[in-house]
Each structure stands twice: as C-alpha cells, then as structure tokens.
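# Pasting a predicted model and its sequence here:
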Amino acid sequence: MSEYPPTCEQAERERRRVLGRNVERMMDSRRMSFNDMAKAAGVSKTCIYQLVDGAVDVRASTLWGIANFFGLTLDALYTRAGERPAP
C-alpha cells in the first residue's frame, strides 16, 4: 500500500521518472541517439543516459537547453503523458 500524500523522496523520484520518459519520447520521435541529444544539450552522453533513467537531477541550464531544443517549456518536460502543462 502506498503512502498518501507521497513523501518528498517519492515525489522527487516520480518527477525524475516523468522527465526521463518525456525526454526519451521526444528523442524517439526525432530518431535521436543519446549522442545527438548530448550534443544538442551541450552535455555528456552519460548525463543524458542518467537523465532518461531518472538517476540524477540535472542542472537548470541543461533542462533549459533540452526544452529549448524541442520547442517546449520546462513545465512540458515535467508533464505526464495525457496531461496539460500548467498555464
């Protein structure tokens, strides 16, 4: 049985998981490799692997670069599939 409301740690893991899935989905839609995404974001390929896995938090500047590359807002990167970003 899960706790409600989620703990801060659980909420953080979920936030990283959603971000990773969204970045991976956008990469797939453009047929981008991890290397391509790393170059576009100005970070290492390892950083992109870890981001997609939800293993690490990334710097705001990296998130901004990814969002900007895909033409998205930062909110959109953290929005679950089927939901709309906050206005």
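Yep, that arrived.
# Quick one: mean pLDDT over stretch 33-45.
For stretch 33-45, mean pLDDT rounds to 94.
# what comes into contact with it?
Val23, Met27, Met32, Cys47, Ile48, Tyr49, Val52, Val58, Thr62, Gly65, Ile66, Phe69 (CB atoms under 8 Å, 6 or more residues apart in numbering). Heads up, the C-betas are built off the backbone N, CA and C, glycines and all.
# Sort out for me which of the residues you listed are in helices.
Within those, residues falling in helices by DSSP state H are Val23, Met27, Cys47, Ile48, Tyr49, Val52, Thr62, Gly65, Ile66, Phe69.
# Neighbours of Cys8, how many?
Using other CB atoms under 10 Å, Cys8 has 8 other residues around it.
# Okay, it and Arg15: tell me how far apart.
10 Å (CB to CB, to the nearest Å).
# Could you do Leu51 as well?
The spacing between Leu51 and Arg15, counted by CB to CB, is 12 Å.
# who has more neighbours, the two?
Just comparing Leu51 and Arg15: by other CB under 10 Å the higher neighbour count belongs to Leu51, 25 against 13.
# Can you give me the pLDDT of the nearest residue to that one once chain neighbours are set aside?
Ranked by CB to CB, 6 or more residues apart in numbering and with sequence neighbours excluded, the top spatial neighbour of Leu51 is Val58, at 5.4 Å. Note for Val58: predicted pLDDT of 86.
# and if you look at Asp75?
Predicted confidence (pLDDT) for Asp75: 89.
# how many neighbours does it have?
The number of residues packed near Asp75 is 12, by other CB under 10 Å.
# for the residue positioned nearest the centre of the chain, what are its contacts?
With distances taken as CA atoms, centre = their mean, Leu19 lies nearest the centre of the chain, 2.6 Å away. Contacts for Leu19 (CB under 8 Å, 6+ apart) come out as Leu51, Gly54, Leu63, Leu77, Tyr78.
# so the residue nearest to Leu51 makes contact with Cys47?
Yes: taking CB atoms under 8 Å as the definition, Val58 is a contact partner of Cys47 at 6.7 Å.
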